[in-house]
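>>> for reference, the sequence and a predicted model appear below.
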Amino acid sequence: MKVVVIGATGHVGGYLVPRLVRAGHHVVAVTRGPSEPYRSDAAWGVVERVFLDREAGDAAGTFAGAVAALDADVVIDMVCFTRSSAEQLVDALRGRVSLLVHCGTVWVHGPATEVPITEEAIRTPFGEYGTGKAEIEELLLRESRSTGGLRSVVLHPGHITGPGWPMINPQGNLDLEVWRRLASGEEVILPGFGLETFHHVHADDVAQAFQLAIERQSEAVGNSFHVVSERAVTSRGLAEGIARWYGQEARLRFVPFDEFAATLSEDDAEVSLAHLSRSHSMSIEKARRLLGYAPRFSTLEAVQEGLAWLAADGRLAGPVA
């Protein structure tokens, strides 16, 4: 199949594009400019590269048509964030491609009430990102289920993790100092009792799910799927697990959220609140049953690989496991 990947050189694309090439697909990588993928791989040598500025193209009404003109069998959209952008793409691709696979987010769910959260759970998204992705999902699945509509699948990753960038830490933000303190056996402050949950996923497991969605279209079309690790972790569980990996015993101090937030920068406090207030713990039963999705990495394994990369890249001071 000819597969167009929009946003191909991002975190997931660095794993997804080589997977698709090795599976025998002709891959067209659409990016805003000649950016290099996060991961080098010989497979990129046979990938067709196309440069399109989505923001400018959406504003001019030309981006979706340019993608449609690539005459793909499947389009994978990693970087759509607004309903209007999705509507333009759907209108251009309807009747021209066999499948559109959209990258959503577990943030289409608001705060957890029953866990694990299933795809069919009552949705209470909040914030621009979560509500925007929920609107796109509603559009695509309704379109997919309508007569003559564009066949679509929506995949909802959790906190994408692995080599190449910082990942969500036990405080719910991206501050690398938290990892260094755990590695050094220094005290780390967590809010409440440390029982809020995070659900990470390795970027290659996200890539696995996208590959499965195009290979098992009869089961996938018209559905959304959670794409996360086998199990979520609590904030204290993440801290303790990583401390042990570094050969340390976690020194954790638990305080009320307001006291905790006062120890952070304004930006970090905002990011922490966004993650802790959702406290997601997702079910992957539907993806396992219909797609055969089987994550290779646990949350701790995915984070450990990311930390090893950060240390080797000189971005994380302190001990290296």
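Nice, I can see it.
>>> count the residues that sit near residue 303.
Using other Cβ atoms under 10 Å, residue 303 has 28 neighbouring residues. Bear in mind the C-beta positions are built from the backbone N, C-alpha and C, glycine included.
>>> in whichever strand or helix holds it, what counts as buried?
In the assignment (DSSP states H and E), residue 303 maps to helix 299-312. For helix 299-312, the neighbour count (16 or more other Cβ atoms under 10 Å) marks 299, 300, 301, 302, 303, 304, 305, 306, 307, 310, 311 as buried.
>>> again, but for stretch 178-198
178-183, 188-191, 194, 196-198.
>>> helices - which of the residues you listed land there?
178, 179, 180, 181, 182, 183 (DSSP state H).
>>> would you turn the residues you listed into JSON lines with pLDDT and distance to residue 123?
Shown next, in JSON lines, are these (pLDDT from 0 to 100; distance: Cβ to Cβ, whole Å):
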{"residue": "178", "pLDDT": "98", "distance to residue 123": "31"}
{"residue": "179", "pLDDT": "98", "distance to residue 123": "33"}
{"residue": "180", "pLDDT": "96", "distance to residue 123": "37"}
{"residue": "181", "pLDDT": "97", "distance to residue 123": "36"}
{"residue": "182", "pLDDT": "97", "distance to residue 123": "34"}
{"residue": "183", "pLDDT": "96", "distance to residue 123": "38"}
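>>> so what strands line up beside the host helix or strand of residue 3?
Assigned by DSSP H and E, residue 3 belongs to strand 2-6. Strand 2-6 pairs in its sheet with strand 26-31 (parallel), strand 74-77 (parallel), by DSSP bridges.
>>> TSV for these, including mean neighbour count and mean pLDDT?
Converted to TSV, the strands paired with strand 2-6 look like this (neighbours: other Cβ atoms under 10 Å; pLDDT from 0 to 100):
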stretch	mean neighbour count	mean pLDDT
strand 26-31	22	98
strand 74-77	26	98
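>>> now render the ones you listed as CSV, adding distance to residue 5.
Shown next, in CSV, are those (distance: least, Cβ to Cβ, whole Å):
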stretch, distance to residue 5
strand 26-31, 6
strand 74-77, 5
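>>> what's the closest of those to residue 163?
strand 26-31 (19.5 Å; Cβ to Cβ).
>>> and for residue 300, nearest residue in space, chain neighbours not counted?
Once flanking residues are discounted, residue 300 sits nearest to residue 241: 4.6 Å by Cβ to Cβ, 6 or more residues apart in numbering.
>>> how many neighbouring residues does the one you found have?
Counted with other Cβ under 10 Å, residue 241 comes out at 20.
>>> residue 264 - that's part of a helix, no?
No: counting by DSSP: H, G, I helix; E, B strand; the rest coil, residue 264 is not found in a helix; it is coil.
>>> for it, give its distance to residue 173.
Noted for residue 264: a distance of 7 Å to residue 173, by Cβ to Cβ, to the nearest Å.
>>> can you work out which residues contact both of those two?
Residues touching both residue 264 and residue 173 (Cβ atoms under 8 Å, 6 or more residues apart in numbering) are residue 272.
>>> gap between residue 298 and residue 280?
Counting by Cβ to Cβ - residue 298 and residue 280 are separated by 16 Å.
>>> try residue 137
Counting by Cβ to Cβ, the gap from residue 137 to residue 280 is 16 Å.
>>> residue 153 now?
For residue 153, the distance to residue 280 - Cβ to Cβ - is 21 Å.
>>> more neighbours: those two, which one.
Counted by other Cβ under 10 Å, residue 153 and residue 280 do not tie: residue 153 has more neighbours, with 29 against 23.
>>> and the pLDDT for that one?
At residue 153, the model reports a pLDDT of 98.
>>> part of a strand, is it?
Yes: counting by three-state DSSP, residue 153 is found in a strand.
>>> so what's it up against?
99-102, 144, 213, 217, 220-225.
>>> just the buried residues of those residues.
By 16+ other Cβ under 10 Å, the contacts of residue 153 give 99, 100, 101, 102, 144, 213, 220, 221, 222, 223, 224, 225 as buried.
>>> how about the fifth one, phi and psi?
It refers to residue 144. phi -60, psi -30 (degrees, to the nearest 10).
>>> that one against residue 138, yeah?
No: proximity of residue 144 to residue 138 does not meet the contact threshold set by Cβ atoms under 8 Å, at 11.0 Å.
>>> how is this protein divided into domains?
Annotated domains of the chain cover 2-160+200-227, 162-199+231-280+298-312 [automatic domain parsing].
>>> of these, which is nearest residue 286?
Closest approach to residue 286 among the domains of the chain is made by domain 2-160+200-227 (5.5 Å; Cβ to Cβ).
>>> end to end, how far does that closest one reach?
24 Å (Cα to Cα, to the nearest Å).
>>> cool, thanks, talk later.
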